[in-house]
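J.: Structure of the sequence below:
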Amino acid sequence: QVHVVESGGGLVQAGGSLSLTCEVSGGTFSSFAMGWFRQAPGKEREFVAAISLTGGQTYYADSVKGRVTISRDNAKNTMYLQMNSLKSEDTAVYYCAAGELGYEFEYEYDYWGQGTQVTVSS
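T.: I've put the predicted structure just below:
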């Protein structure tokens with residue numbers, strides 16, 4: 001059984017940085033495309049970033065492009081999301097997802113973590 005666990009959320013001031021980590025166990029990490037999604041209070045969950053199996057291709061939502069970097073370490077079964085220049089509108093629960101077809105749509109992912117809260121104070 002595949003388990004996905006996020007960590008690294010917290011409270012940060014606007015303009016600050018935060019790094020999220022996603023660890024995957026119980027499956028072959030290198031066979032999963034990986035993605036980050038987020039859900040703000042009262043809003044639908046939305047795509048943030050995705051990365052291909054080898055890490056050679058990355059994709060970002062327009063709202064975070066230039067401020068966020070997604071990466072992965074297949075030797076550690078781990079994916080990362082480095083977030084800089086954070087804004088209050090980045091406040092949300094951030095979810096990690098794994099799937100064979102992962103890109104920007106939720107249905108493309110098979111396994112999800114429980115989420116980690118990111119709060120940006122203005």
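J.: Specify the beta-bridge partners of residue 10.
T.: Assessed by DSSP bridges, residue 10 has beta-bridge partners residue 118.
J.: what sits against the residue positioned nearest the centre of the chain?
T.: Geometric centre of the chain, nearest residue: residue 36, 2.5 Å, by CA atoms, centre = their mean. By CB atoms under 8 Å, 6 or more residues apart in numbering, the residues touching residue 36 are 20, 22, 48, 49, 50, 70, 79, 81, 94, 95, 96, 97. (Glycine included, C-beta is placed from N, CA and C.)
J.: And for the first one, the neighbour number?
T.: Which is residue 20. By other CB atoms under 10 Å, the residues close to residue 20 number 23.
J.: Repeat that for the one 5 residues further on.
T.: Around residue 25 there are 11 other residues, counting by other CB under 10 Å.
J.: Check the one 4 residues further on too.
T.: A count of neighbours around residue 29, defined by other CB under 10 Å, yields 21.
J.: Next one: it relative to residue 60, how far apart?
T.: Applying CB to CB, to the nearest Å, the value for residue 29 to residue 60 is 21 Å.
J.: Then residue 80?
T.: With CB to CB as the criterion, residue 80 and residue 60 are 14 Å apart.
J.: Touching both of those two, which residues are there?
T.: Shared contacts of residue 80 and residue 60, defined by CB under 8 Å, 6+ apart, are found at residue 70.
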